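> sequence and predicted structure, then a few things I'm wondering about:
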Amino acid sequence: MPRRGRLAVVAFGGNALIRKNQEGTQWEQLENAQQTARSLIPILRDGYGLVLVHGNGPQVGNILIQVEEAVTKVPPLSLDVCVAMSEGSIGYMLEVALLNELRRVRPARRGIVTIITEVVVDQADPGFRRPTKPIGPFYPRFRAEELMRKQGWTMVEDAGRGWRKVVPSPRPLEVVQREEIRQTAASGAIVITGGGGGVPVYRSKEGDLRGVEAVIDKDYTASLIAADLRADLFVILTGVDQVSINFGKPDQKSIRSMDVREACVWQAGGQFPEGSMGPKIRAAVEFVEKTGREVLITSSTRLAEAVRGKAGTRIVAARRGRMRSAVRSRTAAHGRGA
């Protein structure tokens, strides 16, 4: 059993609130938020403080569709503002769900605080040279050509379904509210922060913050926050109970534990592709290398067992003498676009 005073950072995707085959109504999302909150209670009972970082893919996509549909009636909104809107709305749903669940189980009283979070990115990040992240609605060709001409958007045709805007996905460098997050977590409150990877901003030559049309992977931001807080445990919730190699093949094998050296070698070998487990593994490795502490990857349904070592996949520090090879493997993986 963990001792009192420890801190866990838990990251989960926006699909935890809008699930497969659902319409994505606010009532469905509130019910799903309640289930998510229920799965987090064992961490609180084990004496951990809690910081939550959530995704927002389906939610911000719906906001962008609303913006497009209303473009002839109200001024459109930029992507950074839409991300901030999703941080507020998802934070509200999670707050209500957690307050309701805490009232039922009656653990020690805790406050719950949602922090709208700006995250600094580098305008020279390679992601800005090659936008690849599709967002928002599908457009017919004539509308896509108009937007590319008038707005300067980068758009691609998507498998015969229409044209979509693609934006950069740069790496997060700095969480602007890092001290506020630290102080709020230290007070014992549950903190909801870094939603959707945070609102992407850059610093001008004068030092001002300015929003930018981009999206940040929430797992990278969660890793950055967890390392800043020196969290005792970093949890990444996903759709599978354990990480596997040879996923979907006859020789698929679940992994209970791996060190960062093994994780980097497998990733370099293509075991953890982008758009799937890749960013989660890379975020986990970065946290372990910075802190020497471990990462737990599992599903929300197995979280209580996983925290007690009975489920999930743990990623731990390399044994002495292996860290350099892990870093070399990770660098090679980046060079091959892993």
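Right, received. Where do you want to start?
> next up, phi/psi of the nearest residue in space to residue 230 that is not next to it in sequence, please.
Nearest residue to residue 230, sequence neighbours excluded (C-beta to C-beta, 6 or more residues apart in numbering): residue 291, at 6.2 Å. Just so you know, the C-beta spots here come from the backbone N, C-alpha and C atoms, and that holds for glycine as well. Main-chain torsions, residue 291, degrees, to the nearest 10: phi -120, psi -20.
> burial count for residue 291?
The burial count assigned to residue 291 is 19, neighbours taken as other C-beta atoms under 10 Å.
> isn't it up against residue 227?
Yes. Using C-beta atoms under 8 Å, residue 291 makes contact with residue 227 at a distance of 5.7 Å.
> residue contacts, residue 224?
With contact set as C-beta atoms under 8 Å, 6 or more residues apart in numbering, residue 224 has these partners: 119, 172, 174-175.
> pLDDT wise, what is the residue nearest to residue 230 at?
We have a pLDDT of 95 for residue 291.
> quick check: the gap between it and residue 182.
According to C-beta to C-beta, to the nearest Å, residue 291 stands 15 Å off from residue 182.
> and what of residue 224?
Residue 224 is 13 Å from residue 182, by C-beta to C-beta.
> could you count how many residues lie near the nearest residue to residue 292 once chain neighbours are set aside?
Once flanking residues are discounted, residue 292 sits nearest to residue 317: 5.1 Å by C-beta to C-beta, 6+ apart. Residue 317 has 17 neighbours, counted by other C-beta under 10 Å.
> and if you look at residue 253?
Residue 253 has 11 neighbours, counted by other C-beta under 10 Å.
> got the contact list for the residue nearest in space to the middle of the chain?
In the chain, the residue lying closest to the centroid (C-alpha atoms, centre = their mean) is residue 218, at 2.2 Å. Residue 218 sits next to 11, 13, 53-56, 194-197 when contact means C-beta under 8 Å, 6+ apart.
> in terms of pLDDT, where does it sit?
96.
> now do the end-to-end distance for stretch 145-161.
Stretch 145-161 has an end-to-end distance of 16 Å (C-alpha to C-alpha, to the nearest Å).
> list the buried ones in it?
147, 153, 155 (16 or more other C-beta atoms under 10 Å).
> now what about that stretch, what contacts it?
Stretch 145-161 is contacted from outside by 131, 134, 138-139, 141, 144, 163-167, using C-beta under 8 Å, 6+ apart.
> in CSV, list those residues along with secondary structure, distance to residue 35 and neighbour count.
Below are the contacts of stretch 145-161 laid out as CSV (DSSP: H, G, I helix; E, B strand; the rest coil; distance: C-beta to C-beta, whole Å; neighbours: other C-beta atoms under 10 Å):
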residue, secondary structure, distance to residue 35, neighbour count
131, coil, 34, 20
134, strand, 28, 16
138, strand, 30, 15
139, strand, 34, 21
141, helix, 41, 11
144, helix, 38, 19
163, strand, 36, 22
164, strand, 30, 20
165, strand, 32, 24
166, strand, 32, 18
167, strand, 31, 21
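> for the stretch 201-338 of the chain, which spans come out with low pLDDT?
319-338 (pLDDT under 70).
> helices of that one, start to end?
218-228, 260-268, 278-291, 303-307, 323-335 (DSSP state H, counting those that start in this stretch).
> buried stuff in the longest helix along the chain?
Secondary structure of the chain per DSSP state H: the longest helix is helix 79-105. Buried residues in helix 79-105, counted by 16+ other C-beta under 10 Å: 79-80, 82-87, 89-91, 93-95, 97-98, 101-102.
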